[in-house]
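> please find the sequence and the predicted model below.
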Amino acid sequence: MSPKKKSAPAKKPATKKKVADKKEALSPAVAKQEKKTQKSYQNVRGMKDIVPSQGGQWLRMFDAARSIAESYCYGYVETPIVEQAQLFVKSLGRGTDVVEKEMYVFEDNEGTKIALRPEFTAGIARSYISHGMLSLPQPVKVWTVGPLFRHDRPQSGRYRQFHQFNCEVIGERNPVSDAELISMAYNFLRDLGLQAEIHINSIGTFEDRQNYIVELVGYLRSKRSYLCENCKKRISKNPLRVLDCKELGCQEALEDAPQIIEWLSAASKDFFMSVLEYLDELRIPYVLTPTLVRGLDYYTDTVFELFVDGGKEQSQSALGGGGRYDGLLEEIGAREATPASGFAIGLERVMLALNKKEKEEQEGSDVAGSRHPAGIERQFFFAQLGEQARRRTLALIESLRKSGIQLGSSLAKGSLKAQLELADKMKSTHSIILGQKEVQDGTVIIRDMDSGIQEIIDQKKIEHHLRKLMK
RNA sequence: GUGGCUAUGGUGUAGUGGUAACACAGAGGCUUGUGGUGCCUUUAUCACGGGUUCGAUCCCCGUUAGCCACCCCA
C-alpha cells in the first residue's frame, strides 16, 4: 500500500541506520525487486478514476440516462471499444482533428489497424449494417453509454478517456426525429437539475455546404487583412471554423459574411424549419446560431450543441451535441441510403456542471451537510458485540438483505463505540444492536439515533419493525 | 500539438538554505455494551531525477503530472 515508507536510498546514512541494516540482510535480488515496487504508479495521463465519493452521482447519471432512453422506447446497445481504424477514418473524415491527431491507433498481433473508439456513432452505424437492422421496422432507435478515447491534451472537462450518453435514430429522414433527440438531451439534463441552452443550426447537404464554402472563402479572402493569424490559416484549412473565432477583429470582419442558411437547398431549408417548429411545439427553447458548425465530416442538415450557464463564454462548456448524418451509413457500406440522426452528451462535463451548481447552492445556504467520505449511506446499521453475536449477526443480516432491507455494518470492528460512530457517519436513523445478552434472549436492541431511545424486540420481528420505520 | 502557471501527509493549507507546522480525514487507544461534543498515540525523508552548496523541501536544470489559454471537442 505505501511502499514509500520503505524507500531508503540511504541518502542520509546517519539517521537511516536501521533501515540500512535491514536492507543489507536482503539478498540483492530481493532488494532489487523491492526497489522496483518503491515507485508508486500514477494513472495514465488524462485518465480519471471514479472514487467512491463520486460514485453515487456517477451512477445517478447512468440511471437518468437509462430512464430517459427507456421512456422514449430506445433499445440499449453496446459496441466494442475497439473497431477497425478505417471505420473512423471513413466516417469522421480523414482531415478532421479527431482522426488526424487524437485517435489511439495500434496494430494487433495480426497486423490489423485497430482504433480505440473516439465516438459512438460510427460503431453503432457499423453495427446496424453488420446485423442487417435495415430489415427491422424502421427507424431503429438505440442508446448506449460508455467510454471513448481521444488523445488530446487534457484540461478541465477534457480527458483522454471520457464517457458519453448517446442516442441514435437510424433509418428515417424526418425532422421530428431530430426534434425528439434534442428534447431527449434537453430533458436528460433537466432531470439532473440542469437548465440547458440549445444552439442549433443547419449545414445542409454536402453540396449545399460545398457551394457555401466556395462563397465563404471568397468573402474571407477579401477580408483577409482584418483576420487574426489563426484564421488566415483556417481559410484554406477549415474555413467554417473562422465563423466562430473568438477574436473581436474577426467577428467584426465577419459581419457581412454570407450565412449558410441562405445557401441551403429548398429541401434542407424546409427540413430545418420543421425541426424548429417541432421544438416550438415541445416548448424547448433554442438559440439560432448561424456560426455553429461541427467538427466531424459526416453531419448534414441539423446540427446542435448543448450548453449550461449562458453558453459559450467558457471553453469546454459544451455538454454535448449532435446532428443528422444522412450520408454516413452509405459511406461505410450500407446498400441503400440510410438517413440517421443522433446526439451525445459528455458525462464528465455534466458532472462538472452538477458540481459547480451544487457549490453555488451551498454558498448561499451553507447547510453543507457532511457526506460519508466513501459515499455510503444507509438508513439502518447493524452493530454486534462479541464472537457469538457476530455469528448470529452474519445470519440475520443475510436474511434481511434477502428480503430487500439493506443494512450498514462493520463486522470486523470489536467495540460498540466504533460501530456506532460508523452508523453516525452513514447517517443511519436507527441502529440494531446485538450483544451476548441479546443472543441468549433471542432479542435485539433498536436504537433511535436522534433521540437515543432504545427498545428491545424479538429477533423474529426485526424485518417487520424495520419496514415500519422505513415509512 | 503550442504557450503560461503550479507541485509540501489521504484532503486543504503554513513554513524555512541546516530535514517540516496547522486543520480536517484515517487507524488504534482512554472505556470489548452505546455515536454525533473530550483526551492520547499514530499517519510526510516536502512529485521524481540531476546540479549548485559544508548542507536543499527551499536556488538552478530536466522529467512527470495537474491547472489555464490556444487548437479542437464531449
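Structure received. Numbers count the residues shown, from 1 in each chain, chains lettered A, B, ... in the order given.
> A:Thr302 sits in which helix or strand?
A:Thr302 is located in strand A:300-308, with elements delineated by DSSP states H and E.
> could you give the mean pLDDT of that strand?
For strand A:300-308, the mean per-residue pLDDT is 93.
> that strand packs against which elements?
Strand A:300-308 makes packing contacts with helix A:175-191, strand A:196-202, helix A:266-281, strand A:318-324, strand A:340-346 when contacts are defined by 3 or more C-beta pairs under 8 Å, 6 or more residues apart in numbering; DSSP states H and E. Any C-beta I mention is one placed from the backbone N, CA and C, and that applies to glycine too.
> now the ones you listed as JSON lines including mean neighbour count and mean pLDDT?
Shown next, in JSON lines, are these (neighbours: other C-beta atoms under 10 Å; pLDDT from 0 to 100):
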{"stretch": "helix A:175-191", "mean neighbour count": "22", "mean pLDDT": "96"}
{"stretch": "strand A:196-202", "mean neighbour count": "23", "mean pLDDT": "92"}
{"stretch": "helix A:266-281", "mean neighbour count": "16", "mean pLDDT": "95"}
{"stretch": "strand A:318-324", "mean neighbour count": "24", "mean pLDDT": "93"}
{"stretch": "strand A:340-346", "mean neighbour count": "25", "mean pLDDT": "96"}
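> nearest to A:Arg126, of these?
With distances scored as C-beta to C-beta, the stretch of the helices and strands packed on strand A:300-308 nearest to A:Arg126 is strand A:340-346 (12.3 Å).
> of all the helices and strands packed on strand A:300-308, which one comes closest to A:Lys113?
Using C-beta to C-beta as the measure, strand A:340-346 is the one of the helices and strands packed on strand A:300-308 that comes nearest A:Lys113, at 24.2 Å.
> residues in contact with that closest one?
Contact partners of strand A:340-346, identified using C-beta atoms under 8 Å, 6 or more residues apart in numbering, comprise A:119-121, A:124-125, A:139, A:157, A:162-172, A:177-178, A:181-182, A:184-185, A:188-189, A:302, A:304, A:306, A:318-326, A:328-329.
> returning to what we had before: make TSV out of the helices and strands packed on strand A:300-308 and add distance to A:Leu148.
Output for the helices and strands packed on strand A:300-308, formatted as TSV (distance: least, C-beta to C-beta, whole Å):
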stretch	distance to A:Leu148
helix A:175-191	17
strand A:196-202	21
helix A:266-281	26
strand A:318-324	12
strand A:340-346	9
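> next to RNA strand B, which bits of the stretch 351-471 of chain A? Give me the list.
A:373, A:385-386, A:413-418, A:420-421, A:423-425, A:433, A:435-438, A:445, A:447, A:449-450, A:452, A:454 (C-beta under 7 Å from any atom of the strand).
> quick one, which of those are buried?
Listed as buried from those are A:385-386, A:413, A:420, A:423, A:425, A:433, A:435, A:438, A:445, A:447, A:449; burial here means 16 or more other C-beta atoms under 10 Å.
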